[in-house]
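Engineer: Would you be able to build a 3D model of this:
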Amino acid sequence: MIPRFHVKMITFACVMNRKQRYEYVLNYFRKKTGRVTTELEFGSVFQLLCATLLSAQCTDKRINQVTPALFKAYPDAKAMAEADYDEVLEYVKSVSYPNAKTRHMVDMSRMLVEDFGGEVPDTLTDLIKLPGVGRKTANVIQAVAFGKATMAVDTHVYRVSHRLGLVTRTADTPLKVEQELMKNIPQEDIPDAHHWLLLHGRYVCISRNPKCAQCDLNDVCPKLIEGSKLEK
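Structural biologist: Numbers count the residues shown, from 1 in each chain. Sure thing, here's the model as predicted:
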């Protein structure tokens, strides 16, 4: 027999439309997590950009073990722009795809010095000109470094947004997920919401064997609704 409380929550999950789902999930994270930022460690916008580039398909924990020595040797764009690829590679060779990431960081540093006076720009248009910087990385920099309401969609945000029923099934690319989230999340919550969804995906709603028993959103998870198609 299903406990009365769980029957009530399953019923609530069944009748919840998308607007109500956003309100429920966002209220949960506002109370549970509050203001939050990246787990990457950095001392400047340039260092945040390097750490974000390095973190692709690698854990923040691993990056935080590598960057102290890297940033001591190359604290700013000017210092890294003057370095050889092999010199920088020695500091990051333990991360994923070290050769490509090293080339991106050095080339990016040289462009920053040549085109932006050594400073990291704050617009999407300028950021994605930099070697190795795509839309996701640019959105991270805009949100974390410059406080802009941008939504970076990585694998965690993409997965959790779908699993929690925040986006439609037709949102089958990171850009489509970003657009749906931006449309439905209040602007003041957007910088935090990126980290809420990311951390939930990193530690609870993991890719394989999600920790549903430890999830406070489990009772309203769309997986409870057999054949569910959430209302738009």
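
Engineer: so how far is Pro68 from the closest residue to Leu48 other than its chain neighbours?
Structural biologist: Nearest non-adjacent residue to Leu48, counting by CB to CB, 6 or more residues apart in numbering: Phe42, 4.2 Å away. To be clear about C-beta, it is placed using only N, CA and C from the backbone, and glycine gets the same treatment. Remark: distance between Phe42 and Pro68 (CB to CB, to the nearest Å) = 10 Å.

Engineer: Could you check which of those two has the larger neighbour count?
Structural biologist: Phe42 (19 against 12; other CB atoms under 10 Å).

Engineer: What pLDDT is listed against that one?
Structural biologist: Looking at Phe42, its pLDDT is 95.

Engineer: what sits up against the helix ranked longest in the chain?
Structural biologist: If you go by DSSP state H, the chain has its longest helix at helix 98-116. Around helix 98-116, the neighbours that count as contacts under CB atoms under 8 Å, 6 or more residues apart in numbering are 46, 49-50, 53-54, 56, 74, 77-78, 80-81, 83-85, 88-89, 92, 95, 118-120, 126, 129-133.

Engineer: one step back: give me the three-state assignment for the residue nearest to Leu48.
Structural biologist: Reduced to three states with DSSP: H, G, I helix; E, B strand; the rest coil, the structure at Phe42 is coil.

Engineer: Next: Gly118.
Structural biologist: Under three-state DSSP, Gly118 falls in the coil class.

Engineer: count of residues packed around it?
Structural biologist: For Gly118, using other CB under 10 Å, the count is 15.

Engineer: Show the average pLDDT along stretch 167-181.
Structural biologist: So the average pLDDT for stretch 167-181 ends up being 94.

Engineer: Same check on stretch 49-61?
Structural biologist: 92.
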